[in-house]
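A.B. asks: Take a look and give me a structure for this.
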Amino acid sequence: MIARQDDEETPLLQRPTTRTPLPWDQFWVILFLQLSEPLSSKTLFPVYSPSADIGVTHGDESQVGHYVGILESSYYAAHMLTIFHWTQLSDHIGRKPVILIALLAISVSMLSFGLSKTFLGLVVSRAVSGAFDGSNTVIKSMVMDITDVTNMPKAYGYIPIPWMIGKTAGPLIGGSLSRPADRFPDIFGRSELLKTYPYLLPCSISTIFASISWLVAYFCLKESVSTKTSLWELIKGGFFRQSYTNSHQPSSNVLINPGGAQPKPLPLRALLTPKVLTITANFATMALFQMAFSSVLPVFYATSIELGGLSLDPPRIGAILAAQGAAHGIFQLAFYARLHDHFGAKVIHFTGVSSGIPIVILFPVINALARSHGIGLAVWLCVAIQLALTISLVMCYPCLALFIKAAAPNRASLGATNGITQMVAAIARIIGPASAASVFSYSMQEGHDAWLVYYFLMAIAFLAVGVSLLLPRDPSVWEDHR
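C.D. replies: Numbering: from 1, shown residues only. This next block holds a predicted model:
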């Protein structure tokens, strides 16, 4: 049984003060399903290194950042064009069918990536994954469906667990199992298949896991949205352009309004309220900085010290990114709910985006230390400080989720509201990797300002800090004025 929720239109002081227990019968399924996306995406990170043959750089490591940016942006470009429609569709036909489609897309695209021999094939594989993968956003909408104001912060304390596992296992899988015929000749040296397709083995592991997740979702996941609108009825009605008169019958999974009438999903124009636009701007600027930083980080590690990087090999890069993912998940699981109860969502979010400023400053500091003293204790200490600061950065996401739920015009449009923020964030994620990685490659070339990429990242960080000031002191302020 999925936990019933409080009416968000009820004044805050009338809401129960006791915490509602988390609905673990479904919450564990949600956590498991959320693992597929980070595992697949992070498996590819060590592949994006100067030593990786993606068919276009021809050994010129100064060009790697440029093509890595294109590769990552292809995913978010396709994701941006489709994510709102997937989330809006989930408001009508339910979350479960959309999640099943997304898991199938992850499985197919990862296998296609592993079997690609050209850069175009890699781009197409990532674009297909982005176009059909709405799992992360729809799963977050499902978490909002099955939680209320008393237990949602606790739920988001657990959300990093799959991301922690994915960000830990993914880089290790990608870094250790890429080019297995070269790395493990005694085991895979006779395999012509793995010689021809050097990234097939790590991609196959992600494919198998996504397939298992699909089976778990099909047999174990319960729907959290009550609706009788079928996909065929939506198609006959011109998809989402008609005004739906079908009755959305309530179930034990959803809130029943005091008047007995179920709210209906709203069209896009009705969703563009000042609250939604404010949280969308915050999500977009946060995503822009986080993705720009994340795309520069592995390239910075892999680039030679002379060109402005740190000269680390793929296994070591994978280990660092794995440690980072573990630290993110453990800290958020242990402390997020307590920090939220003590400081509130806005303070945590503001602190997180502000941490982007020292994070950027540490890039040139690390390279300067490596040039002067080699990769020693001082360098590793600065790397550790930089990665520790990213913990506060990732804690912005659960804070923004609380604001998204509060900003939704009604509960029936929660998925679409979430989709708007994710669609705009996807635009930022297109700009972030492509621009940051390309600026990094440009700044490494002779005669150019080596600090150009850091000026770029710093400007984004200050923009995110400024936009965060538009948020109210707490999501309940928006709820009480709904």
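A.B. asks: Do a quick rundown of the helices in the stretch 251-400 of the chain.
C.D. replies: For the stretch 251-400 of the chain, the helices defined by DSSP state H, counting those that start in this stretch cover 268-271, 274-302, 314-343, 345-354, 356-373, 377-394, 396-407.
A.B. asks: do you know which of these lies nearest residue 18?
C.D. replies: Minimum separation from residue 18 across the helices of the stretch 251-400 of the chain (C-beta to C-beta) falls at helix 314-343, 14.0 Å. Any C-beta I mention is one placed from the backbone N, CA and C, and that applies to glycine too.
A.B. asks: related to what we said a few turns ago, which of the helices of the stretch 251-400 of the chain is buried the deepest?
C.D. replies: Neighbour counts (mean count of other C-beta atoms under 10 Å) averaged over each of the helices of the stretch 251-400 of the chain peak at helix 396-407, with a mean of 25.
A.B. asks: Return the distance of the residue nearest to residue 153 when sequence neighbours are not counted relative to residue 466.
C.D. replies: Take residue 153 and drop its neighbours on the chain: the residue closest to it by C-beta to C-beta, 6 or more residues apart in numbering is residue 340, 4.4 Å away. Distance of residue 340 to residue 466, computed by C-beta to C-beta, to the nearest Å: 23 Å.
A.B. asks: Same check on residue 429?
C.D. replies: If you go by C-beta to C-beta, the gap between residue 429 and residue 466 works out to 20 Å.
A.B. asks: higher neighbour count, the two?
C.D. replies: Higher neighbour count among residue 429 and residue 466: residue 429, with 27 against 12, using other C-beta atoms under 10 Å.
A.B. asks: residues touching that one, list them.
C.D. replies: Remark: with contacts taken as C-beta atoms under 8 Å, 6 or more residues apart in numbering, residue 429 is in contact with 73, 76, 79-80, 287-288, 291.
A.B. asks: Could you find which two of the residues you listed are furthest from each other?
C.D. replies: Spatial extent of the contacts of residue 429 (C-beta to C-beta) is set by the pair 79 and 288 at 14.5 Å.
A.B. asks: Give me the residues contacting stretch 330-339.
C.D. replies: 153-154, 156-161, 164, 348, 391, 394-395, 398.
A.B. asks: Quick check, pLDDT for residue 402.
C.D. replies: What the model reports as pLDDT for residue 402 is 89.
A.B. asks: excluding its backbone neighbours, what's nearest residue 470?
C.D. replies: Distances taken as C-beta to C-beta, 6+ apart put residue 278 closest to residue 470, at 5.1 Å, once the chain neighbours are dropped.
A.B. asks: same thing with residue 405?
C.D. replies: residue 144 (4.9 Å).
A.B. asks: Okay, and the one you found sits in which element?
C.D. replies: helix 135-146 (DSSP states H and E).
A.B. asks: Show residues contacting the next helix or strand after that helix.
C.D. replies: Going down the chain from helix 135-146, the next helix or strand is helix 152-158, by DSSP H and E. Here helix 152-158 makes contact (C-beta under 8 Å, 6+ apart) with 19, 22, 27, 31, 143-144, 147, 332-334, 336-337, 340-341, 398, 401-402, 405.
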